[in-house]
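> sequence-free structure coming up:
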């Protein structure tokens, strides 16, 4: 068999790109936060948090929403640069992104007497309870999302994962193969969830993938670069570099776009393409203004092209390849 070097490598995020997680992962964030606080964050609140570019992990995002809702001065002092990628030094800086997005936050008293949170206005509501540990939160989150043992038989799962519409069909990947495009997946979702959607629902046979735990969380580019290098090598190439085919990544968050930006810093001689699409919950006509604002944040983060839908990626990639 003759191994042909691909014309390009195309890597995909999964959540919001391959499947609609508005009623599953995002719903699990909402219900987990509600479980501990009695507050259900609006989708715009989650979008504003994700726009900071460092909350790709939904467990940490849930905990951060609880932390900010709780709003103590002690909690706020624990966080520094929101772009550092280190949970121990992240900022409670949702205030600025929320303001720019017009995000509605609930009124809430803070735990420190006489102090006020920059996010929440004082109100007569009771002081929030202490934050859960991450381990406790993960168990609650998994109960909502999987509704069963994540490592067990998916047929016994009764959680939100059962209500995830697919955004592509199996034939989509056949078209990529025919076009000479090597493809794979770089996702922060748990491995059982990734296997379920790719192998059981889409019928892909052991697809190339990076999932949670395989590499540092995005926007760290380690997993993205590792999988791109692997696909280029499997195609008979010599790896990343000036002579390699372009490597594109399609995601739906600022963290996805920043992953490509940081890959460029690591390997400046390689041509990388950052493609982005607004998540499904912003695709309706009634969400037009919110979608435009979301897409603008993706552009500001460095996206080369915004797509109307995942299925438009091949046509857009072909156009970008012709510009080389």
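In hand now; what should we look at? Bear in mind the structure is a predicted one, so any value in this text is a computation, not a measurement. Numbers count the residues shown, from 1 in each chain.
> quick one, helices of the stretch 201-324 of the chain?
Counting by DSSP state H, counting those that start in this stretch, residue ranges of the helices within the stretch 201-324 of the chain are 222-234, 254-266, 288-301, 313-322.
> Measure how the first one sits relative to helix 254-266, angle-wise.
Relative orientation of helix 222-234 and helix 254-266, computed by axes from the mean of the first three to the mean of the last three Cα atoms, to 10 degrees: 60 degrees.
> For helix 222-234, name the packing helices and strands.
Under the contact criterion of 3 or more Cβ pairs under 8 Å, 6 or more residues apart in numbering; DSSP states H and E, helix 222-234 touches strand 8-12, strand 181-186, strand 209-210, strand 247-251, helix 254-266. For every residue, glycine as well, the C-beta is placed using N, CA and C.
> how about a cut-off of 10 Å?
On a contact count with 3 or more Cβ pairs under 10 Å, 6 or more residues apart in numbering; DSSP states H and E, helix 222-234 meets strand 8-12, strand 181-186, strand 209-210, strand 247-251, helix 254-266, strand 272-277.
> Comparing the ones you listed, which comes out most buried?
Highest mean neighbour count of those: strand 247-251, a mean of 27 (counted as mean count of other Cβ atoms under 10 Å).
> Ok, which of the helices and strands packed on helix 222-234 comes nearest residue 236?
strand 181-186 (10.7 Å; Cβ to Cβ).
> For the helix or strand following the closest one, what does the pLDDT average out to?
Downstream of strand 181-186, the first helix or strand assigned by DSSP states H and E is helix 191-195. The pLDDT scores in helix 191-195 average 97.
> Ok, stretch 176-186 next?
Stretch 176-186 carries an average pLDDT of 97.
> Can you convert the helices and strands packed on helix 222-234 into TSV and add a column each for distance to residue 306?
Converted to TSV, the helices and strands packed on helix 222-234 look like this (distance: least, Cβ to Cβ, whole Å):
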stretch	distance to residue 306
strand 8-12	16
strand 181-186	19
strand 209-210	24
strand 247-251	11
helix 254-266	10
strand 272-277	5
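> For residue 23, find the nearest of those.
Closest to residue 23 of the helices and strands packed on helix 222-234, according to Cβ to Cβ: strand 272-277, at 18.0 Å.
> roughly how far is the closest one from the heart of the chain?
14 Å (Cα atoms, centre = their mean, to the nearest Å).
> Please look at residue 32 and residue 65 and confirm they touch.
Yes: look at residue 32 against residue 65 with Cβ atoms under 10 Å: they come within range, at 8.8 Å.
> So which of the helices and strands packed on helix 222-234 is nearest residue 134?
Comparing those by Cβ to Cβ, helix 254-266 comes nearest, at 18.8 Å.
> other SSEs contacting the closest one?
Against helix 254-266 (3+ Cβ pairs under 10 Å, 6+ apart) you get strand 8-12, helix 43-50, helix 222-234, strand 247-251, strand 272-277, helix 288-301.
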